[in-house]
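In: Fold the following and give me the result.
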Amino acid sequence: MTASRNKYSRRKFIRSAAVAAPVFLIVPRYVLGKGYTAPSDKLNIAGIGTGGKAEVNLPFAFNKGSDNIVALCDVDDRQSVNARKKWPQAPYYTDYRKMLEKEHKHIDAVMVTTPDHMHYVQSMAAIQLGKHVYCEKPLTHDIYEARMLTQAAEKYKVVTQMGNQGSSGEDTRLVETWVQDGLIGEVRTVHVWTNRPTWPQGVPRPTGQFDIPREVDWNLWLGTAPERPYNPGYLPAIWRGWVDFGTGSLGDMGCHFIDVVYRALKLRYPVSVETSVGSVYTGFFKEAIYPDSYPPSAKTYIQFPARENMPEVEMIWYDGGIRPKRPEELLPDEEMGEVDGGIIFEGSKGKIMAGLFGRKPTLLPTKKMQELNLPRSKFALVDGDIDGHQQQWVKACKQGYGTYTSSSFDKSGPLTETVLMGNLAVLSYNYFETDAKGNRIFPGRKKLLWDGENMRITNFERANQFVKRNYRSY
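Out: Sure thing, here's the model as predicted:
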């Protein structure tokens, strides 16, 4: 499959998006009689990205035929095999812009399940056509993109959801209740860790010459990313470790774990960030810097100011197998976190340990779980939660803008900005200049001060190049 077949007029697409003004009229079931599902009561969903996580998202949204999958799009035909068999009546496209231009009259909502570097342009294109959007985590590749999507969702009045499904879970709300009810007092430190990356990081850019598989449109797979030759070392899932495509461990798991912290502590924009990363050596005293790849591990400190009735707090993120010190309250043989990682809230009156998606919140020492009468969640599960994160979004789309979703862009946008702040610190840490003697100087290895409202690092100008990237024309 050659790139030439995908030369497509972006101007034409933008023009068609600007003039489209779809109107959604949902006829309630009760108007037509009990038990009858009106055609307009089914949400017409298009999928941009059909493999990987989309093989979970699309079936959950489809909900055994309660809703419709009306269009499919993927740049890799190998990834689309299962979806095209499951929904053979749905038109299939390689270019999401062509799909939206030709099918927008039949589409109510779009699910974006693609590599991180394409989330923004695909979600924004759908939003500007008035389509509701479900976008996988992280919401975007860059901080600037997250801010723009947050604003666009409000401007175009569409229902949105980011794919961090734990935000719809009861255990996440239980952690939120315990912390906000003061069960462990004032929280000033939180530790969050993950076993990711479980893909290569801290490695050089792959080399060699390879033929592009006939099923892959390499030009469209690259999309907004800089031009480079095809290499099987980039796809399918291993794109996560490459700076131009993915967002590393933070983008993958930070949107799950940090979401619990963000909700419980009512966080917004941080005020500073600093990090240290695992080094890679290719020989004795020969440190290698691979700017195309995220490092093999990192420990990152993100500080937040006081807000409402809560004090300033520091969140410490660990990845690549690094973990915080074991709490003294945890018995030697008791498990700390889970395989994927964990969370520990340190309060003035105690500690809470939680797992992935807020699962298994536990007071420390664990004997308190039997000794105390613990409060139940004060956050009632809303319609859709019990059916899953995707169905919560589907039901909200039918009810219209303003209907609750647990990870709508007004919530997941600022969360994503915080997650990406950690990556900004990582990329700044490895940024170096060379002095007159040929020695490397790393001016970004400092505490970076953040002006959240204006999206700027105020004490290291070069770090701001990582707030917003330039797009390749494709």
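In: Mind checking what helix or strand follows the lowest-mean-pLDDT helix or strand in the chain in sequence?
Out: Every helix and strand of the chain was ranked by mean pLDDT, DSSP states H and E. The lowest is helix 29-32, at a mean of 34. Later in the chain than helix 29-32, the nearest helix or strand by DSSP states H and E is strand 44-48.
In: Now do that next one: everything it contacts.
Out: Contacts with strand 44-48, where a contact means Cβ atoms under 8 Å, 6 or more residues apart in numbering, come from 54, 57-58, 61-62, 67-74, 83, 96, 99-100, 103, 106-114, 122, 126, 131, 394. C-betas here are computed from N, CA, C, even on glycine.
In: likewise stretch 270-279?
Out: 202, 287, 295-305, 320, 418, 421-422, 424-426, 429-430, 446-450, 452.
In: what mean pLDDT would you report for that stretch?
Out: Across stretch 270-279, the average pLDDT comes to 97.
In: Give me the subset of the contacts of strand 44-48 that lies in strands.
Out: 68-73, 109-112 (DSSP state E).
In: which residues does L363 bridge with?
Out: I352 (DSSP bridges).
In: quick one: the helices in the stretch 1-150 of the chain?
Out: When secondary structure is read from DSSP state H, counting those that start in this stretch, the stretch 1-150 of the chain shows helices at 10-19, 29-32, 54-62, 81-86, 96-103, 119-128, 143-156.
In: Comparing the ones you listed, which comes out most buried?
Out: The highest average neighbour count among these, using mean count of other Cβ atoms under 10 Å, belongs to helix 119-128 at a mean of 24.
In: That one versus helix 143-156: what angle between them?
Out: 10 degrees (axes from the mean of the first three to the mean of the last three Cα atoms, to 10 degrees).
In: what about helix 119-128, distance to the chain center?
Out: 15 Å (Cα atoms, centre = their mean, to the nearest Å).
In: Equivalent analysis for stretch 146-159, please.
Out: 16 Å.
In: now what about that stretch, what contacts it?
Out: 109, 120, 123-124, 127-128, 130-133, 135, 138-140, 160, 393, 396-397, 400-403, 405, 408-410, 413-414, 416-417, 420, 455.
In: now swap in stretch 446-463 and tell me
Out: 143-144, 147, 268-274, 417, 421, 424-425, 427-428, 431, 443-444, 464, 467.
In: Which of those fall in strands?
Out: 272-274.
In: need these in CSV with neighbour count and distance to D259, can you?
Out: Output for those, formatted as CSV (neighbours: other Cβ atoms under 10 Å; distance: Cβ to Cβ, whole Å):
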residue, neighbour count, distance to D259
S272, 20, 21
V273, 25, 18
E274, 18, 22
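In: that older thread, weakest of the helices of the stretch 1-150 of the chain in terms of mean pLDDT?
Out: Ranked by mean pLDDT, those bottom out at helix 29-32, which scores a mean of 34.
In: re earlier: in ChimeraX, how would I select the buried members of the contacts of stretch 270-279?
Out: Selection of the buried residues among those in ChimeraX, burial being defined by 16 or more other Cβ atoms under 10 Å:
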select :202,295,296,297,298,299,300,301,302,303,304,320,418,421,422,424,425,426,429,430,448,449,450,452
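In: from the contacts of stretch 270-279, which ones fall inside strands?
Out: Reading strands off the contacts of stretch 270-279 with DSSP E, I get 287, 298-304, 448-450.
In: And the furthest pair within those?
Out: Within the ones in strands among the contacts of stretch 270-279, E287 and F304 form the most distant pair, 32.3 Å apart (Cβ to Cβ).
In: how about the strands in the stretch 201-350 of the chain?
Out: Ranges of strands within the stretch 201-350 of the chain are 272-277, 280-283, 286-288, 298-304, 313-319, 341-347, 350-354, based on DSSP state E, counting those that start in this stretch.
In: Now the shortest one: average pLDDT?
Out: On average, the pLDDT along strand 286-288 is 93.
In: what comes into contact with that strand?
Out: With Cβ under 8 Å, 6+ apart as the criterion, strand 286-288 contacts 204, 279-282.
In: got these as a markdown table, with neighbour count and distance to T366 columns?
Out: Output for the contacts of strand 286-288, formatted as a markdown table (neighbours: other Cβ under 10 Å; distance: Cβ to Cβ, whole Å):
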| residue | neighbour count | distance to T366 |
| --- | --- | --- |
| P204 | 13 | 45 |
| S279 | 13 | 37 |
| V280 | 17 | 38 |
| Y281 | 9 | 41 |
| T282 | 8 | 45 |
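In: Quick check: the farthest pair among those residues?
Out: P204 and S279 (14.5 Å).
In: On the three-state scheme, V192 is what?
Out: strand (DSSP: H, G, I helix; E, B strand; the rest coil).
In: For it, grab the count of nearby residues.
Out: 27 (other Cβ atoms under 10 Å).
In: Look up how far K266 lies from it.
Out: 16 Å (Cβ to Cβ, to the nearest Å).
In: Give the closest residue to E136 in space, chain neighbours not counted.
Out: Using Cβ to Cβ, 6 or more residues apart in numbering and skipping residues adjacent in sequence, the residue nearest E136 is G163, 4.1 Å away.
In: tell me the contacts of the most centrally placed residue in the chain?
Out: Centroid check for the chain by Cα atoms, centre = their mean gives P138 as the closest residue, at 1.3 Å. The neighbourhood of P138, defined by Cβ under 8 Å, 6+ apart, consists of 116, 119, 146, 162, 247, 251-252, 254-255, 416, 419-420.
In: Between those, which sits nearest E334?
Out: G254 (25.4 Å).
In: Could you export the helices of the stretch 1-150 of the chain to TSV, including columns for distance to I45?
Out: Formatted as TSV, the helices of the stretch 1-150 of the chain follow (distance: least, Cβ to Cβ, whole Å):
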stretch	distance to I45
helix 10-19	18
helix 29-32	19
helix 54-62	5
helix 81-86	12
helix 96-103	11
helix 119-128	11
helix 143-156	17
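In: Show me the one of those helices that comes nearest G223.
Out: The nearest among the helices of the stretch 1-150 of the chain, by Cβ to Cβ, is helix 119-128 at 7.1 Å.
In: and the angle for the closest one with strand 44-48?
Out: 160 degrees.
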